[in-house]
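Q: Have a look; sequence and predicted model below, questions after that.
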Amino acid sequence: MQGTSNHRARGSDDYGVYDDAKTYYASEERHSNRYGVRTRTYSQNSLVKQLERMGASEPFRRGSHDESTMDQGRRFLVNVDATLEILKNQEDTDGNMQITIEDNGPKVISLRTAASAGHNRFEVRGTYMLSNLLQELTLAKEYGRKQIILDEGRLNENPVDRLSRLIRDHFWDGLTRRIDASSIEVAARDPKDWTDDPRPRIYVPLGAPEQYEYYQKVAAERPELRLDVQQLPENITVELIRDLNDKPGLLAVAVEKVEEDDGKGNKTTTLKGLPFVVPGGRFNELYGWDSYMESLGLLIHERVDLAKSMVLNFCFCIEHYGKILNATRSYYLARSQPPFLTDMALRVYEKIKHEPDSKEFLRRAILAAIKEYHSVWTSEPRLDPVTGLSRYRPDGLGVPPETEATHFVHILEPYIKKHNMGFKEFVRAYNYGEIKEPELDEYFLHDRAVRESGHDTSYRLEGVCANLATIDLNSLLFKYETDIGRTIRSLFGDKLIIPAEFCAGTPYQPGESVSSAAWDRRAKRRKLTMDKLMWNEEEGMFFDYDTVKKQRCTYESATTFWALWAGLASPKQAADMVKKGLPKLEMFGGLVAGTEKSRGELGLDRPNRQWDYPYGWAPQQMLAWTGLLRYSFTEEAERLAYKWLFMITKAFVDFNGVVVEKYDVTRPIDPHRVDAEYGNQGLDFKGVAKEGFGWVNASYVYGLQIVNAHMRRALGTLTPYETFVKAIELNNERAMANLTL
Ligand SMILES: OC[C@H]1O[C@H](O[C@H]2O[C@H](CO)[C@@H](O)[C@H](O)[C@H]2O)[C@H](O)[C@@H](O)[C@@H]1O
Ligand SMILES: [Ca+2]
């Protein structure tokens, strides 16, 4: 993988400068040699790798200069607590437990060198090195170290390498959850819980009796957890979901049976949760489209098992809850999120196809996707029967409880005044139908749809979303149709039998066989309808279609590029999008969610929305890069990826390793500062960031695969895109002049 090319391999007889924190700081031996005079004995394997990284070619010969060339640089002898104290008092001048370009300290600290047994000192300078020192010492302290021998390489590491390494070695693990006795405490925690007694609670579907029994046992054996185990009834109605809001809880997902040894040689069978990656911040459950984006990064980092188990968790959700949920909490039971299951399953399959059960894995995922396609996305209320296109339009009752407390204040205030009630009192009376307000019903119908769209919230969708056949959703469904058709044809002999358990909500009878032709027809029909109703050649963009007003919308959104990702656009449409659409949406840090013109004026009564200008989101970037590459717009894909990666890397360097949920792509200095809705997730850490944010982590490793090697190097030296381009042009001119033809 590109991202680790200049990192040292780990050998059992060797200390790697870039070892993960546990390996680095938990090793007694590494830090006990007070003078840092290590006799490096390189394993043959790590030696070969080291030489490869230095650009030497085989056959390698160990010459006399090897030891010095392989010297990893200076090492420091650091007293952890005392140095942390100095950093805190001297360098963290705004006291936020981070060292950033906004701190006004002297930006220099002198450390004792290990080779001199602490007699000599060396100065560590600048925000980046000092903040890395703070991060390293915070980790060292967590591992109980009082004194360490610290490699300078961990302080001045190329930032692209450092961030890639942190994502690979730390962030994925920090975001991984599984639901079973081993970790239910962490998995059940919900920072969004609004009740007075936010205790861990798990809801188990009726079709998973073993899990119900298992969690009851866990609750009985570990009363200190206060785990509340509830079984869901078969029929999950909107009234039930509303009633569960008094007792919100986690929803059970897939488990596997494993053998457990009780330590006395007795073997028993128990359940083990299939792991999944959560987005981060306040989002501590399995999400729909975040998981897809995360899987793109996980697959690059060879965490195939994790991506595979997320697909299996989605199959479980479709089988037991009828859909891939917005996320796995009781209050999300009625709504879904943008569907990506077929692409996710096919990417995992590509990685595991040599394994004996891989075909079965894919069959189950495709059957689940077929069920989801029919019963969720192409059934009413989501289906618009007139156009045959689909809309985000989930059922539900009342005010979504999981948003931040103040979110609906400005909407509800006039009604609260009218009924002369307090906020909570009004919300309850409205939710339970004691107060009828049809206008509010309409508002919340669209609000739920906005949240199902994943683009919560945006003026593109507010007050209208449930009526819109959006370009995003219909591109995704086109992708489902083409993926399903192609898979049935190429991998299942053009004949897929639908078992009884996948029939509910679909037009199929148990045992019926499905061929690719029907799926090809569906895709063709959708494309023709979308061309007719959504494409605007003059603007070079696809737009949403309002199925009630029967007109094309005008909001310019980055979702137009989803048509490229799905392969729905014609080559001419793709070229038009690049020529006319792209310039409207391309900013300093990559693609913006929508144009400023489309968002419109903001004011006291019209606050900004996080999925509008000037914010940029990882999924928009990733889908656009992939789509552009699909149509051979390599230069554009590379440029957009560079801009996004540059922005993330710069914020990472200047702001103590920060990686956040979304960025203000028009803000070169501090793009991580977002003052919209619930602010930004991923900012709130002390000393060292442990998780980043799921889809941004993924976009970083995925983007590094899109840019070329030149660009990657330029990113490592924080070269702005314009400077990089000028340097390339100059180089090209020189090369041209030197051409002797
Ligand atoms: O709690 C407010 C809203 O939060 C979620 O939406 C945002 O975070 C999700 C997780 O990263 C992401 O999938 C979504 O696109 C974001 O807008 C949640 O999905 C919403 O339903 C919820 O109301
Ligand atoms: Ca600070």
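A: Perfect, thanks for sending it. Residues are numbered from 1 along each chain as shown. Ligands and ions are numbered 1, 2, ... in the order given.
Q: What residues does the stretch 401-550 of the chain have near ligand 1?
A: Glu402, Thr403, Arg451, Gly454, Asp456 (Cβ under 6 Å from any ligand atom). Any C-beta I mention is one placed from the backbone N, CA and C, and that applies to glycine too.
Q: Turn those residues into CSV, including pLDDT and neighbour count.
A: CSV is the format used below for those (pLDDT from 0 to 100; neighbours: other Cβ atoms under 10 Å):
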residue, pLDDT, neighbour count
Glu402, 92, 19
Thr403, 91, 17
Arg451, 98, 24
Gly454, 98, 20
Asp456, 96, 23
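Q: Please, where are all the helices along the stretch 601-741 of the chain?
A: Read by DSSP state H, counting those that start in this stretch, the stretch 601-741 of the chain holds these helices, from start to end of the chain: 618-630, 634-654, 694-706, 709-716, 721-738.
Q: circling back: just the ones of the residues of the stretch 401-550 of the chain next to ligand 1 in helices?
A: Among these, DSSP state H puts Arg451 in helices.
Q: quick revisit: which one of the helices of the stretch 601-741 of the chain lies closest to ligand 1?
A: Proximity to ligand 1 (Cβ to the nearest ligand atom) singles out helix 694-706 among those, at 6.9 Å.
Q: For the stretch 151-300 of the chain, which residues are neighbours of ligand 1?
A: Lys192, Pro279, Phe283, Tyr287, Trp289, Asp290.
Q: farthest pair in the residues you listed?
A: Farthest pair in these (Cβ to Cβ) is Lys192 and Trp289. Separation: 18.2 Å.
Q: higher neighbour count, these two?
A: Taking other Cβ atoms under 10 Å, Lys192 and Trp289 do not tie; Trp289 has more neighbours (22 against 18).
Q: Helix or strand: which one has that one?
A: Using DSSP states H and E, Trp289 maps to helix 288-300.
Q: so for the helix or strand just after that helix, what's the average pLDDT?
A: Toward the C-terminus, helix 288-300 is succeeded by helix 304-321 as the next helix or strand (DSSP H and E). For helix 304-321, the mean per-residue pLDDT is 98.
Q: which secondary structure elements does helix 304-321 contact?
A: strand 276-277, helix 288-300, helix 341-352, helix 358-372 (3 or more Cβ pairs under 8 Å, 6 or more residues apart in numbering; DSSP states H and E).
Q: same thing but 6 Å
A: The contact analysis (3 or more Cβ pairs under 6 Å, 6 or more residues apart in numbering; DSSP states H and E) places helix 304-321 against helix 288-300, helix 341-352, helix 358-372.
Q: which one of the ones you listed is the most hemmed in?
A: helix 288-300 (a mean of 25; mean count of other Cβ atoms under 10 Å).
Q: does Phe655 really touch Glu102, like I thought?
A: No: taking contacts as Cβ atoms under 6 Å, Phe655 lies outside contact range of Glu102: 8.1 Å.
Q: Those two: which has the busier surroundings?
A: Phe655 (24 against 14).
Q: how much space between whatever residue of the stretch 451-600 of the chain ends up closest to ligand 2 and Tyr25?
A: As assessed by Cβ to the ion, ligand 2 sits closest to Gly589 within the stretch 451-600 of the chain, at 22.9 Å. Per Cβ to Cβ, to the nearest Å, Gly589 is found 34 Å from Tyr25.
Q: repeat for Asp290
A: 30 Å.
Q: on that earlier part again, can you redo the helices and strands packed on helix 304-321 as JSON lines with mean pLDDT?
A: Shown next, in JSON lines, are the helices and strands packed on helix 304-321 (pLDDT from 0 to 100):
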{"stretch": "helix 288-300", "mean pLDDT": "98"}
{"stretch": "helix 341-352", "mean pLDDT": "98"}
{"stretch": "helix 358-372", "mean pLDDT": "98"}
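Q: Can I get those helices in TSV including distance to Tyr331?
A: TSV is the format used below for the helices and strands packed on helix 304-321 (distance: least, Cβ to Cβ, whole Å):
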stretch	distance to Tyr331
helix 288-300	15
helix 341-352	22
helix 358-372	20
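Q: Just put those helices in TSV and tack on distance to ligand 2.
A: Formatted as TSV, the helices and strands packed on helix 304-321 follow (distance: least, Cβ to the ion, whole Å):
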stretch	distance to ligand 2
helix 288-300	29
helix 341-352	39
helix 358-372	46
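Q: Columns mean pLDDT and distance to Glu185 on top of the helices of the stretch 601-741 of the chain, output as CSV?
A: Below are those laid out as CSV (pLDDT from 0 to 100; distance: least, Cβ to Cβ, whole Å):
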stretch, mean pLDDT, distance to Glu185
helix 618-630, 98, 29
helix 634-654, 98, 31
helix 694-706, 98, 21
helix 709-716, 97, 39
helix 721-738, 93, 45
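Q: Kindly reformat those as JSON lines and extend each row with distance to Val674 and mean neighbour count.
A: Formatted as JSON lines, the helices of the stretch 601-741 of the chain follow (distance: least, Cβ to Cβ, whole Å; neighbours: other Cβ atoms under 10 Å):
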{"stretch": "helix 618-630", "distance to Val674": "13", "mean neighbour count": "25"}
{"stretch": "helix 634-654", "distance to Val674": "11", "mean neighbour count": "22"}
{"stretch": "helix 694-706", "distance to Val674": "12", "mean neighbour count": "26"}
{"stretch": "helix 709-716", "distance to Val674": "23", "mean neighbour count": "18"}
{"stretch": "helix 721-738", "distance to Val674": "22", "mean neighbour count": "11"}
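Q: Show me the one of those that comes nearest Leu298.
A: With Cβ to Cβ as the yardstick, what comes closest out of the helices of the stretch 601-741 of the chain is helix 694-706 (7.3 Å).
Q: which residues touch Tyr15?
A: Contacts for Tyr15 (Cβ atoms under 6 Å, 6 or more residues apart in numbering) come out as Arg30.
Q: Which SSE is immediately downstream of the helix or strand hosting Tyr443?
A: Here Tyr443 sits within helix 438-452, counting by DSSP H and E. Next along the chain after helix 438-452, taking DSSP H and E as the criterion, comes strand 468-469.
Q: and whichever helix or strand comes after that following strand, what other elements does it pack with?
A: Once strand 468-469 ends, the next helix or strand along the chain (criterion: DSSP H and E) is helix 471-491. Judged by 3+ Cβ pairs under 6 Å, 6+ apart, helix 471-491 is in contact with helix 516-534, helix 562-566.
Q: What's the local residue count around the nearest residue to Arg178 once chain neighbours are set aside?
A: Distances taken as Cβ to Cβ, 6 or more residues apart in numbering place Gly273 nearest to Arg178, at 3.5 Å, with adjacent residues excluded. The number of residues packed near Gly273 is 22, by other Cβ under 10 Å.
Q: For Gly273, which residues count as its bridge partners?
A: Beta bridges link Gly273 to Val255 when assigned by DSSP bridges.
Q: Of the helices of the stretch 601-741 of the chain, which is nearest Val124?
A: With Cβ to Cβ, the closest approach to Val124 among the helices of the stretch 601-741 of the chain belongs to helix 634-654: 15.0 Å.
Q: now the closest one: how far from the chain's centre is it?
A: Relative to the centre of its chain, helix 634-654 is centred 17 Å away, using Cα atoms, centre = their mean, to the nearest Å.
Q: Now do the nearest residue to Ala689 once chain neighbours are set aside against Ala365, distance only.
A: Among residues not flanking Ala689 along the chain, Gly657 sits closest, at 4.7 Å (Cβ to Cβ, 6+ apart). Remark: distance between Gly657 and Ala365 (Cβ to Cβ) = 36 Å.
Q: Could you do Cys317 as well?
A: To Ala365, Cys317 is 12 Å away according to Cβ to Cβ.
Q: Same question for Asp472.
A: Taking Cβ to Cβ as the measure, Asp472 falls 21 Å from Ala365.
Q: got it, and Ala558?
A: Per Cβ to Cβ, Ala558 is found 28 Å from Ala365.
Q: And the residue of the stretch 301-450 of the chain found nearest ligand 2, its phi and psi?
A: Residue nearest to ligand 2 within the stretch 301-450 of the chain (Cβ to the ion): Glu404, separated by 25.2 Å. Note on Glu404: backbone dihedrals following degrees, to the nearest 10 are phi -70, psi 150.
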